[in-house]
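Asks: test case, fold it:
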Amino acid sequence: MVDRLLVLLAAFLWSSSGFFAKSPVLMAIPVEDRSICLTFWRAVFASLMVLFFIRRWQWSWQMLPMAACFAAMTWTFISALVYTEAALAIWLQYLAPAWVVIFCWLAFREAPDRSSRPLLILAALGVSVILATQFRSLERFSAWGIAAGVLSGVTFAWVVIFLRRLRGFDPLLLVFVNQSITALVLAPVAVGGYWPQGWQWLYLAGFGVFQMGLPYLLFALALRRISSHEASGLGILEPLLVPVWVYLAWSDQPDYEPPSGGTIVGGLLILFGLVIQLSVQARAHWSQPQVAK
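Replies: Predicted coordinates:
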């Protein structure tokens, strides 16, 4: 029971991304500098926190492309948060499982199993509904914001693929590698650009520690005792809570953007596909004979 609560708490903290990115304190950063600034400093504070909890230091060349994909994922996701509504950004990123199926099929000839087919169909329907609604609402439409959201899902899928290949490594080491390399890659641009001021430092530290570093620590602790399928299922709480955080905290702000009807419908279609896939995979996992330890 405690491990499941840890996963739920991790998902709850992960879902605060919109709370930080849409806060008036961080929205005061010039929009042309905001994505790089938020991505860089979140990575800095997250890597510093995770550093103290690493148990085993190992190395593999596959960490480099994994970290490159992770850096691209975080920058594009935060760009989507900056230029579009929070709900749209998170649901476009949560297309990652569908992209994983497609890339594994194209690159590794792993044919999609039956549990993946509903996800692919519903994900395609969900994205179609979201994009159709966005194109009709031209005053809300941001071509770069939507493209960044899609790219965050694509790059997230490759992060997942590399994580599968590196599953024998300490998960917190992989988090540290991803975050620290993200900071190193963005440092030349971030250091020469906008520097945070006053309360912005506190919000950026919270963004890195509470939204990124601490949830990964809780998730890693929980995975020692519960299956990855169950943990992934509980983690679906994240995209559901992202717009709730933003609404409760910042709905009174003049630049608040509520989720559009198309985003809600499209997000629910993607969610339904994820739930079906996770349910089928969990049923297959629990139907296998369990070996006594």
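
Asks: the host helix or strand of residue 133 packs against which elements?
Replies: Using DSSP states H and E, residue 133 sits in helix 117-136. Counting contacts by 3 or more Cβ pairs under 8 Å, 6 or more residues apart in numbering; DSSP states H and E, helix 117-136 is packed against helix 86-93, helix 96-108, helix 261-287. Quick note: C-beta positions are derived from backbone N, CA and C, even for glycine.

Asks: and those helices, which is most packed in?
Replies: Neighbour counts (mean count of other Cβ atoms under 10 Å) averaged over each of those peak at helix 86-93, with a mean of 28.

Asks: got the contact list for the helix holding residue 133?
Replies: If you take Cβ atoms under 8 Å, 6 or more residues apart in numbering as the criterion, helix 117-136 is touched by 88, 91-92, 95, 97-98, 101-102, 112, 140-141, 146, 260-263, 265-270, 272-274, 276-277.

Asks: now for this structure, the helix or strand with the poorest mean pLDDT.
Replies: Here the helix or strand of the chain ranked lowest by mean pLDDT, DSSP states H and E is helix 228-235, holding a mean of 61.

Asks: can you tell me the closest non-neighbouring residue to residue 65?
Replies: residue 162 (6.4 Å; Cβ to Cβ, 6 or more residues apart in numbering).

Asks: what's the spacing between the most centrally placed residue in the chain and residue 81?
Replies: Centrality entry for the chain: nearest residue to the mean C-alpha point is residue 93, 6.3 Å, by Cα atoms, centre = their mean. Distance, residue 93 to residue 81, using Cβ to Cβ, to the nearest Å: 10 Å.

Asks: same check, this time on residue 122
Replies: Per Cβ to Cβ, residue 122 is found 24 Å from residue 81.

Asks: which of these two has more neighbours?
Replies: Using other Cβ atoms under 10 Å as the criterion, residue 122 and residue 81 rank with residue 81 on top: 28 against 22.

Asks: residue 43: what's it in contact with?
Replies: Listed by Cβ under 8 Å, 6+ apart, the contact partners of residue 43 are 71, 74, 179-180, 182-183, 186, 208, 212.

Asks: low-confidence ranges, the stretch 101-250 of the chain, go.
Replies: For the stretch 101-250 of the chain, residues meeting the criterion pLDDT under 70 lie at 111-116, 134-141, 223-234.

Asks: which parts of it are helices?
Replies: With DSSP state H, counting those that start in this stretch, the ranges of helices along the stretch 101-250 of the chain come out as 117-136, 143-165, 171-191, 199-208, 214-222, 228-235, 237-250.

Asks: tabulate those helices (CSV), appending distance to residue 30.
Replies: Shown next, in CSV, are the helices of the stretch 101-250 of the chain (distance: least, Cβ to Cβ, whole Å):
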stretch, distance to residue 30
helix 117-136, 25
helix 143-165, 16
helix 171-191, 13
helix 199-208, 12
helix 214-222, 29
helix 228-235, 33
helix 237-250, 19
